[in-house]
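**Q** Need coordinates for the following:
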Amino acid sequence: VPGNGGLAAFLEPTKDGACALLSWRPGEADPGTITDADEARLLLAESFSMIGAAFNTTAVGDQFVRQNSSRAATIRCNAYTYGRVALLGDAAHSTGGASG
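**A** Below you'll find the model as predicted:
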């Protein structure tokens, strides 16, 4: 889900609702440093207009600040083809942390 200010979210359903993986541009403010639940709730609600109402709850803000943030790295291949072989779709990238 594209967001404002360089934020993006990947939402994956879980048995209890959903898991949201956030990404942002290097050099932008790091949402993982937010410690205030209301600040987190407002950032998420205002950044993701398509799903803002779902994020605009006290429970979401509380859960956001309780979670440990982690880092991911981007690894770029020199080529996604070799001879007659090509990596396409899901084969061309690793799964996210919530995907297993």
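**Q** Just want the most central residue of the chain.
**A** With distances taken as C-alpha atoms, centre = their mean, residue 22 lies nearest the centre of the chain, 1.9 Å away.
**Q** Setting the sequence-adjacent residues aside, check what's closest to that residue.
**A** Excluding its sequence neighbours, the residue lying closest to residue 22 (C-beta to C-beta, 6 or more residues apart in numbering) is residue 9, at 5.5 Å. Where you see a C-beta, it was placed from the backbone N, CA and C, and this is true even at glycine.
**Q** cool, and residue 60?
**A** In this structure, residue 60 finds its nearest non-sequential neighbour in residue 41, 5.7 Å apart by C-beta to C-beta, 6+ apart.
**Q** Could you measure from that neighbour over to residue 27?
**A** 24 Å (C-beta to C-beta, to the nearest Å).
**Q** Go through the lowest-mean-pLDDT helix or strand in the chain and flag the buried ones.
**A** Scoring the helices and strands of the chain by mean pLDDT, DSSP states H and E places strand 17-23 at the bottom, with a mean of 78. Neighbour counts over strand 17-23 (16 or more other C-beta atoms under 10 Å) mark 20, 22 as buried.
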